[in-house]
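Novice: when you get a sec, could you give me coordinates for this:
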Amino acid sequence: EDEEKFLRASDRPENSALLQALPMSTDEATAEEQIMLMGWAKDENAASLILTGQSNAPQPAMLYTAPELDENPHAEGAIQNMADAVLQMHEAIAAGHTDPAVKTVI
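Specialist: Model (predicted):
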């Protein structure tokens with residue numbers, strides 16, 4: 001029920017204009033975080049009040065989580081593969097490649 005109220009409040013025209021004025025999309029940072037960073041509100045309750053007209057509005061659910069190494073046996077290997085790829089990219093940048101294909105990837 002609280003989530004439905006929050007979604008209905010976020011569909012109001014005045015909130016739409018406010019969300020359009022934010023520097024980043026709400027996928028990158030929540031509207032409340034952006035409002036606080038810009039100094040429009042001092043805390044989450046004030047930012048929530050600006051957005052929804054009520055304090056302590058429910059926060060949208062986060063759709064991602066960090067992999068738990070204990071629960072997923074492949075997570076550690078994937079994390080190591082990412083670290084290796086980042087190291088390769090750093091080495092490619094440091095090598096000063098002139099090949100256009102390498103520059104495109106970098």
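Novice: and the residue nearest to T26 when sequence neighbours are not counted, how many neighbours?
Specialist: Setting aside the residues directly before and after it, T26 is nearest to L19 in space (CB to CB, 6 or more residues apart in numbering), at 6.8 Å. From N, CA and C alone the C-beta is placed, and that goes for glycine too. Residues lying near L19 (other CB atoms under 10 Å) number 14.
Novice: which residue comes closest to E33 once chain neighbours are left out?
Specialist: According to CB to CB, 6+ apart, the nearest residue to E33 is A47 (7.8 Å).
Novice: quick one, helices of this protein?
Specialist: 2-10, 13-21, 31-37, 44-52, 75-95, 100-105 (DSSP state H).
Novice: how about the contacts made by D99?
Specialist: Listed by CB atoms under 8 Å, 6 or more residues apart in numbering, D99 has no contact partners.
Novice: could you tell me the least trusted of the helices of the chain?
Specialist: Lowest mean pLDDT within those: helix 2-10, a mean of 57.
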